[in-house]
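Participant: the following block contains a protein sequence and its predicted model.
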Amino acid sequence: MESKIVDIGKELGNDPSVLKDLSLHRTACQYKLVNGLAVITHKRIVNDLQKHRFSINLDECTAKNNKRVLSVMVSYFSTDLGMSIVHHYVLLQLNTVNATTVFKAVKKAFDDDGIPLDDLVSLLSDSAAYMRGKISGFEQRLREVAPNLLDIDGDICHHVHNSVKKYCAHFGMHVEYFTDDLFHD
């Protein structure tokens, strides 16, 4: 990966003689991304979220190592840039996934960064019972600490995906192969 980044830099450089001896080793590249770029980007996101109303989009999955991972995306309108911004905020690793563990992990992430949940205005998530449960689901727990949270339905993409998945189950993998062929031809 790092050699590809260097190759792109060499191709894009105005003066190839300056860039021809440029190199970046994998460990240096990873170090600079993790301890440099990622830290600076996270600080900028946190700074923006501390002064703007925002929305979150949560999605949980199981990684290749069988760990449960919750991805938290944020979106907000930046008055500085005059446009809507969407950023990946954090990945949270969870041992078990239920309303309590998700709520505690999400709340802790925002609390640790000093981001007021009073400014949270909407939540998008799949329609899993632990997320949308009316009595003790994640959304209900979030409403207790985010009084400005609007009531909007779950993520429409998940609804459409689940509907299409159910409909196409009868056809096996033929629909996926067909759409893949259409895309690549």
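Facilitator: Structure received. Values in this document were obtained by computation on a predicted structure and should not be read as measured data.
Participant: and stretch 139-152, average pLDDT?
Facilitator: The average pLDDT for stretch 139-152 rounds to 85.
Participant: only C-alpha atoms, please: export that stretch in CSV.
Facilitator: These are the backbone C-alpha positions of stretch 139-152, laid out as CSV (Å, rounded to 0.1, in the frame of the first residue of the first chain):
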residue,chain,number,x,y,z
GLU,A,139,-32.8,4.8,21.2
GLN,A,140,-34.9,5.0,24.3
ARG,A,141,-31.9,5.1,26.5
LEU,A,142,-30.3,7.8,24.3
ARG,A,143,-33.4,10.0,24.6
GLU,A,144,-32.8,10.2,28.3
VAL,A,145,-29.5,12.0,27.7
ALA,A,146,-30.3,13.6,24.3
PRO,A,147,-33.4,15.7,24.8
ASN,A,148,-33.4,17.2,21.3
LEU,A,149,-33.4,13.8,19.5
LEU,A,150,-36.0,13.8,16.8
ASP,A,151,-38.2,10.8,16.2
ILE,A,152,-37.3,9.5,12.7
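Participant: any idea how far that stretch is from the chain center?
Facilitator: Stretch 139-152 sits 20 Å away from the centroid of its parent chain (CA atoms, centre = their mean, to the nearest Å).
Participant: just the residues contacting it, thanks.
Facilitator: Around stretch 139-152, the neighbours that count as contacts under CB atoms under 8 Å, 6 or more residues apart in numbering are 53, 99-100, 103, 106-107, 117-125, 131-134. Where C-beta positions appear, they are placed from N, C-alpha and C, glycine not excepted.
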